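Peer 1: One predicted model, sequence on top.
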Amino acid sequence: MIFVVKHKWIAIRTTLFFVSLLPLVLLIARIVVNELGPDPAKTLATETGLWALRFLLLSLAVTPLREVTGWTRVGVLRRMIGLFAWFYASLHLFVYLMFLLQWRWYEIFDDIIERPYITVGFSAFIILTALGITSNKPMMKKLGRNWKRLHRLVYFAAILALIHLTWILRTDLTDAVLYGSILLLLLSYRMIRVARLR
């Protein structure tokens, strides 16, 4: 029985891994057939940024899903989902460096200082990087209680990412409203949960 359950979860995690790579595969396919529109760099930046936010929100939804459904094992998937949020955020930064800055590294800090939406987005990326680096078991043991305190910053990263997205989209705020509503629900659930525990 234990053998069957173990292999079932290996299959679930493997499936999740390949499904999470699908957005990247589809983006590459669009690049190959030249279907990224009149401004390919902007499309790539927008799409990778959106997927980073989507995975981030999905990782935040794991705990409510686990508590509402009673499906405790779903918590095991949260780490992988969170790492994919970091992965797509890294791709988003890569697109920005490669196509928008054209590898002019010396301009990065000027952009961070002079452009607020870059400041906000880069701050979110720094938080996700810290969370990604410390997401393994050795770091959990090393940080102890501080690990949970650090990983609570994921909510702050999500807020910053949403502000970054809103600033970039400007004219069409449909996505910003949609993901903002989801984030508001998740934050509300978290606050109610904390209030009940206290």
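Peer 2: Cool, the structure landed. Numbers count the residues shown, from 1 in each chain.

Peer 1: Point out the other helices and strands that the helix or strand of the chain with the lowest mean pLDDT packs with.
Peer 2: Ranked by mean pLDDT, DSSP states H and E, the helix or strand of the chain with the weakest confidence is helix 108-114, at a mean of 76. Packed against helix 108-114 by the contact rule (3 or more Cβ pairs under 8 Å, 6 or more residues apart in numbering; DSSP states H and E) you find helix 116-133. (Each C-beta comes from the backbone N, C-alpha and C, glycine too.)

Peer 1: Could I get the buried residue list for the helix it packs on?
Peer 2: 118, 120-125, 127-128, 131-132 (16 or more other Cβ atoms under 10 Å).

Peer 1: Among those, which one sits closest to L56?
Peer 2: L128 (7.6 Å; Cβ to Cβ).

Peer 1: R152 versus R145, what's the distance?
Peer 2: 12 Å (Cβ to Cβ, to the nearest Å).

Peer 1: Settle it for me: which of those two has more neighbours?
Peer 2: Each of R145 and R152 has its neighbours counted (other Cβ atoms under 10 Å); R152 has more, 11 against 7.

Peer 1: surely V74 meets L65?
Peer 2: Yes. V74 lies in contact with L65 (Cβ atoms under 8 Å); the separation is 5.9 Å.

Peer 1: which strands and helices sit next to the helix or strand encompassing G82?
Peer 2: Assessed by DSSP states H and E, G82 sits inside helix 78-95. Where contact means 3+ Cβ pairs under 8 Å, 6+ apart, helix 78-95 is packed against helix 2-32, helix 40-69, helix 116-133.

Peer 1: Same list, those, but as TSV with distance to G82 please.
Peer 2: Output for these, formatted as TSV (distance: least, Cβ to Cβ, whole Å):
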stretch	distance to G82
helix 2-32	11
helix 40-69	4
helix 116-133	7
